[in-house]
Structures are given as C-alpha cells and as structure tokens.
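# Any chance you could fold what I've pasted below:
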Amino acid sequence: MNFTLRQITYFLAVARLRNFGRAAEVSNVSQPGLSSQIAQLEARLGGALFERGAGTGPVRLTALGDRLLPIAQELMDSAQRLQAVARAGRGALTGKLRLALIPTVAPYLIPHLISALRQSHPALDLELHEVVTDDLLAGIASHRYDAGLMALPVMEAGIMAEPVLRDGFLVALSEDDTTFLSGPAKPESIAAERLLLLADGHCLRDQALEVCGMRNPRRKVNLEAASMATLMRMVSSGLGMTLIPRIALADENHDGRLRIVPFAAPEPSRDLAVVWRRNADAGTDARALAEVIRGLAPALGVQALTS
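The predicted structure follows:
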C-alpha cells in the first residue's frame, strides 16, 4: 500500500475542520491540490473517507474514515516520535521549527525573536506563519505547524501550553478626543457605540469585548478592521476608540498620532503562551522557545510569565 504522510496530514486536516477549503488554507495548499491528494489516498485505501454531498454543511466522515481516523493520528504521532529520536542528539532549536503566530502578536514579536534566535540558536531553521487562532490550533492538530504563539485560554483538547508573556491593554484614542481627560479609564465607561474592533476570527476582538463587559455592541455604524494597523488608523481618524495591547504600542504609535490612556488598576491584560500538540516531539523545542520569548519581555514592554 503506497500512501504518503502528506496525504495523511491532509486527511487529518479535513477530518478536523470538516471543510476542504479551510483545510487547504491551513495546510497552505490549493483546494484542488488537497482534494486530489485525498482522492489518491482513498483510491489506495479502497474506499471513500468523506461523504461528498451537494449541501453546504460540514463534510462528514464515512464509516471507513471514522475507523481510520485514530489510526492516521497514531501514524502521525509515530512519525513525530521518529523525528524526536533524530532531534535528541542535536539538542533543542537546532532543526526545522514551523511556528505559527496570531496577527496581533506576529509583527511586533518577530523582529525581536529572529534577532534573538540568530544569536542563541544559529542552527535553527525557523519557518514562520501568521494565522488567526482557529487556524493556528487546527494547523498544530493536523501537524501543519510544530508550535504556535497565541493568547490563552486554549480550549482544544490535546494541546499543551507554556505561558510566556502578560500583555496589558491600554485605551487608544485620536489626538483630539477629549474622553478620559481626568484620569485612568474604567472598562465600564467605554461606550459600545464608540468601540472599534478587529473583524471576527481575531481573538483580540473577543478579549476587547470581554474587558468592556460587552457581547455584541450595538453601533450606528459598523466599523471593523482586518489588521491592527488599519484599526489604529481608524482610531487616529476620529472614528472611535479601541484597546491596544502594550506589545503593539511602540509600532502602532511611533508617530504619536494616538492618545494613549491607561486603565485604572488592575490593568486588564491577555496572557500569551507557546502551544504545541501533546506528545509531539516539538515539546522540547517549544519549551526552549518559550524561554527565549520570556527574555524578550523588557524589549516588548510586557511582563514575562514564569513556567
């Protein structure tokens, strides 16, 4: 029987996400390419793994696919253990590491991280991916990524997390906005109709709503941004206010176009963690990476969290 680990990886991605298009995105391959590999795997296994209907709902596993799913997972685990044995003699952070980071961390951490790793672990072959939280977790579960950096909590089973940084929130307003002139801001004093948010899929959106005690704010004009840079430009234009994490402050307000107001104590924050798949060989690398990231806390303006 001739099949490849790549085909097994694609099978696991579709089985997890229940969608061929999303699985292709997470696997960094075209949907026709992924579908072709799945079809070849099915031909070699002698049966369909997924029910392909005309509907738009989630893809379902066939009885065969359901039986083979745990075996495929065991196969990928064995492949990773094989890599672990090979890595054992090399030490941590000396081979290839596929690291995924959420978009509200990646642009601010990556320059510092690359510089630090070049000095401390020059033999590391680092592959970086910027993805939203759901895709990060799906990619780790399907073996697309070895490790990730995301905001806690981790709700997925089988994912290990090593907290590394505590990133406080501040209020960002335009220069001429007179809100909160008398002192620190209180979360409950932020008006829902003025709160600007990132689009759905970004965990910072949910965190901002949680800090402000909101679920689905009602606004006269619905304004959402796909990136932190766009969000801050919307704020500086006077369209509203938002929460900015301290890790982003130096980059997003380098020209001083925003007025930054701290929160009254205790400062709301998010905890960032390095995550990896339980029992994966990347655990040693992930823990070593966590130590490197903790060491960057002063340069990033955030607090390091001890393990």
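
# got a list of contacts for stretch 141-148?
Residues from elsewhere that reach stretch 141-148 (C-beta atoms under 8 Å, 6 or more residues apart in numbering): 9, 12-13, 16, 23, 26-28, 76, 80, 96-102, 129, 136-140, 156, 158-159, 274-277, 280, 282, 285-286, 289. Quick note: C-beta positions are derived from backbone N, CA and C, even for glycine.

# Likewise for stretch 120-128?
Against stretch 120-128 from outside (C-beta under 8 Å, 6+ apart): 90, 92-101, 106, 110, 114, 117, 288, 292.

# Just those residues: which are in helices?
Among the contacts of stretch 120-128, the ones falling in helices (DSSP state H) are 106, 110, 114, 117, 288, 292.

# hmm, which of those are the buried ones?
Buried residues within those, counting neighbours by 16 or more other C-beta atoms under 10 Å: 106, 110, 117, 288, 292.

# what ranges do the helices span in the stretch 151-300 of the chain?
Taking DSSP state H, counting those that start in this stretch to define them, one finds helices in the stretch 151-300 of the chain at 203-211, 228-236, 246-252, 282-294, 297-300.

# So for the fourth one, what gets flagged as buried?
Spelled out, that is helix 282-294. By neighbour count on 16+ other C-beta under 10 Å, the buried set for helix 282-294 is 282-294.

# again with the second one
Buried residues in helix 228-236, counting neighbours by 16+ other C-beta under 10 Å, are found at 228, 231-232, 234-236.

# Break this structure down into its domains, please.
The chain is divided into the following domains under the TED database: 5-87, 91-165+270-304, 167-269.

# export those domains to JSON lines and tack on mean pLDDT?
Formatted as JSON lines, the domains of the chain follow (pLDDT from 0 to 100):
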{"stretch": "domain 5-87", "mean pLDDT": "87"}
{"stretch": "domain 91-165+270-304", "mean pLDDT": "93"}
{"stretch": "domain 167-269", "mean pLDDT": "87"}
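
# ok, and which of those domains has the densest surroundings?
domain 91-165+270-304 (a mean of 19; mean count of other C-beta atoms under 10 Å).

# That one spans what distance, first to last residue?
For domain 91-165+270-304, the first-to-last residue distance is 24 Å (C-alpha to C-alpha, to the nearest Å).

# and it, how far out from the chain's middle?
9 Å (C-alpha atoms, centre = their mean, to the nearest Å).

# Where does residue 64 fall, secondary structure wise?
According to DSSP states H and E, residue 64 maps onto helix 63-88.

# So which of the contacts of stretch 141-148 sit within strands?
Using DSSP state E, 96-101, 129, 159, 274-277 are the members of the contacts of stretch 141-148 that sit in strands.

# ok, which pair from these is furthest apart?
Using C-beta to C-beta, the two most remote members of the ones in strands among the contacts of stretch 141-148 are 96 and 159, lying 20.5 Å apart.

# Skipping its backbone neighbours, what lies nearest residue 231 in space?
residue 225 (3.8 Å; C-beta to C-beta, 6 or more residues apart in numbering).

# And for residue 214?
Take residue 214 and drop its neighbours on the chain: the residue closest to it by C-beta to C-beta, 6+ apart is residue 192, 5.6 Å away.

# Distance-wise, check the one you found relative to residue 68.
From residue 192 across to residue 68, the span is 48 Å (C-beta to C-beta, to the nearest Å).

# rewinding a little: could you export the buried residues of helix 282-294 as a markdown table, including distance to residue 47?
Below are the buried residues of helix 282-294 laid out as a markdown table (distance: C-beta to C-beta, whole Å):
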| residue | distance to residue 47 |
| --- | --- |
| 282 | 32 |
| 283 | 35 |
| 284 | 38 |
| 285 | 37 |
| 286 | 37 |
| 287 | 41 |
| 288 | 43 |
| 289 | 41 |
| 290 | 43 |
| 291 | 47 |
| 292 | 46 |
| 293 | 45 |
| 294 | 49 |
